[in-house]
Every structure is written in structure tokens, then in C-alpha cells.
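Enquirer: Show me the folded form of this:
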Amino acid sequence: MTKLSVNINKIATLRNSRGGNVPDVLKVATAIQQFGAQGITVHPRPDERHIRYQDARDLVKVVHTEYNIEGNPQHNFIDLVLECMPTQVTLVPDAIGALTSNAGWDTVKHQSYLTEIIHEFQRKGIRTSIFVNADVRMIEGAKATGTDRIELYTESYAHEYGKGNLAGITPFVLAAEKANELQLGINAGHDLSLENIKFFKDNIPQLLEVSIGHALITESLFLGLENVVNMYLQKLK
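Expert: You can find the predicted model right below:
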């Protein structure tokens with residue numbers, strides 16, 4: 001079964017829009033795990049517009065499943081990860097001020113940079129993952145860094161699936177096959193939803209984990225958080 005890690009950034013966005021601590025991200029993370037999700041993901045940005053660095057620290061006390069912290073490995077982010085000691089760190093090449101993640105790493109161009117950072121996290125026993133486009137060259141470049149896993153950036157798949165173009169999954173299948181050949185673990189995330197998750201999961205060999213936030217929280221407004229978490233779990237079996 002592919003694991004579901006729920007990104008709770010949007011919960012923090014809602015809290016921050018009003019001030020105070022409602023909704024409480026710690027209580028929501030606790031509930032999501034009680035509902036059956038196998039992980040919690042956060043992606044703090046430098047401006048802390050949703051998840052704050054202190055949230056990431058506080059979540060250490062309540063996340064008893066897998067804890068995944070995503071972000072651009074600048075110095076303060078590296079320090080945060082080493083302080084929190086999550087199960088996994090996912091390296092994402094976010095530009096400062098980017099609304100959301102919009103590209104994977106060029107693992108060839110940035111190979112030496114990524115290698116140094118990955119080894120630092122691995123020395124502390126933290127599993128590493130690199131956010132990459134579905135490009136065989138980028139998968140090969142990721143392998144050369146020594147990373148444990150890659151996370152496939154799935155926006156293009158979701159866009160093509162929404163248009164009815166099922167062939168949009170082809171580069172992801174090829175990328176996954178290369179990752180399996182190179183013995184890299186496979187995660188995936190970005191714009192995955194109840195509508196498109198099952199087809200993706202059924203076609204990606206040895207998909208270990210998906211990280212889903214925006215769609216899951218949006219769907220929960222209509223269907224309820226506990227119900228939606230369990231709907232994802234059923235589709236990921």
C-alpha cells in the first residue's frame with residue numbers, strides 16, 4: 001500500500017488569516033493521524049506565510065507516524081531540520097516568494113550542492129528525498145547525489161489527466177522505472193486529488209508515498225476531513 005502523508009500547510013494558512021490559534025495545527029495533525037494517515041508533511045517558507053518554523057518544532061511532539069519537512073535547503077531550513085530530526089526531509093528548489101512549488105531540481109547542474117546537503121542529513125539518520133520532474137536524466141542525477149528517494153513533481157500529470165489525456169502519465173512511468181532500476185525510493189506530490197490519485201498509483205511501480213495538501217483540504221470542506229483521509233487510503237491500497 002502506498003502511504004499517505006497529509007500536508008497541513010493550508011490549515012496553517014487558515015489559522016494565520018485570522019490570527020490566534022484556530023484551527024490548531026497540532027490538533028489537526030493529531031486527528032489526521034487518528035483518521036489513518038501514515039504521515040504529516042509541512043513545507044515552511046522563509047516568510048512563514050503558512051507553516052511557521054515554530055509549528056515545525058511543535059509538531060515533533062505530536063507526530064507519531066512519519067514526519068516529512070519540505071523546503072529549500074537554505075541555512076535556516078537546514079538548522080530547522082537538524083533540530084526537529086524528522087523521518088524525512090524533502091529538498092524543494094523554491095524561489096523566494098514563490099506561491100507554490102513549480103519545478104523540480106536540476107540534479108545534474110546542482111549535483112555537488114545537493115550531495116553535500118544530503119550527506120549532512122543522512123549522517124543524522126534523516127531519510128532524504130529530492131523533488132524532481134519526471135525526467136530520466138534528473139532521476140539519474142538524483143541517484144548520483146546519494147539520496148534515498150525522489151519525489152515526482154506531478155503537476156503536469158494532474159493537468160493532463162484533467163483534460164482526459166491519460167498518456168500524460170507516460171513520463172512518470174518511465175521515470176519510476178528508472179528510479180526502481182537505480183534502487184531509489186519513489187514519492188510523489190503536487191496537484192494529486194481524489195479524482196486522479198488512483199490512476200497514478202495503479203500505473204507507478206513501487207510508489208511508496210504521496211504527499212497531498214491543497215486538494216485534500218479543499219475536498220474536506222465538502223466531504224469532511226476524516227472521510228476524505230479514508231477515501232484516499234482506499235484509493236491507495
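
Enquirer: low pLDDT regions in this protein?
Expert: 95-102 (pLDDT under 70).

Enquirer: what about 80?
Expert: 94-102 (pLDDT under 80).

Enquirer: what are the ranges of the strands in it?
Expert: 3-7, 39-42, 66-71, 88-91, 127-132, 149-153, 185-189, 207-212 (DSSP state E).

Enquirer: right, so those strands: which one is the most enclosed?
Expert: Mean neighbour count (mean count of other C-beta atoms under 10 Å) peaks for strand 88-91 among those, with a mean of 28. Using the backbone N, CA and C atoms, a C-beta is placed for each residue, glycine as well.

Enquirer: Who are the packing partners of that strand?
Expert: Here strand 88-91 touches strand 66-71, helix 111-123, strand 127-132, going by 3 or more C-beta pairs under 8 Å, 6 or more residues apart in numbering; DSSP states H and E.

Enquirer: any chance of the ones you listed in JSON lines, with distance to Ala176 too?
Expert: Compiled in JSON lines, the helices and strands packed on strand 88-91 are given as follows (distance: least, C-beta to C-beta, whole Å):
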{"stretch": "strand 66-71", "distance to Ala176": "19"}
{"stretch": "helix 111-123", "distance to Ala176": "20"}
{"stretch": "strand 127-132", "distance to Ala176": "11"}
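
Enquirer: Compare the ones you listed and give me the one nearest Leu225.
Expert: strand 66-71 (18.7 Å; C-beta to C-beta).

Enquirer: Parallel or antiparallel, which strands does the closest one pair with?
Expert: For strand 66-71, sheet partners with direction are given as strand 39-42 (parallel), strand 88-91 (parallel), following DSSP bridges.

Enquirer: could those be laid out in JSON lines, adding distance to Arg127?
Expert: Below are these laid out as JSON lines (distance: least, C-beta to C-beta, whole Å):
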{"stretch": "strand 39-42", "distance to Arg127": "11"}
{"stretch": "strand 88-91", "distance to Arg127": "4"}
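
Enquirer: Quick one: closest of those strands to Ser211.
Expert: So among those, strand 39-42 is nearest, using C-beta to C-beta, at 4.6 Å.

Enquirer: Show me what counts as buried in stretch 81-100.
Expert: 81, 84, 86-94 (16 or more other C-beta atoms under 10 Å).

Enquirer: partners of the residue nearest to the spatial centre of the chain in the sheet?
Expert: For the chain, Ser211 is the residue whose C-alpha lies nearest the centre (C-alpha atoms, centre = their mean; 4.1 Å). Legend: beta-bridge partners of Ser211 under DSSP bridges are Ser5, Gly189.
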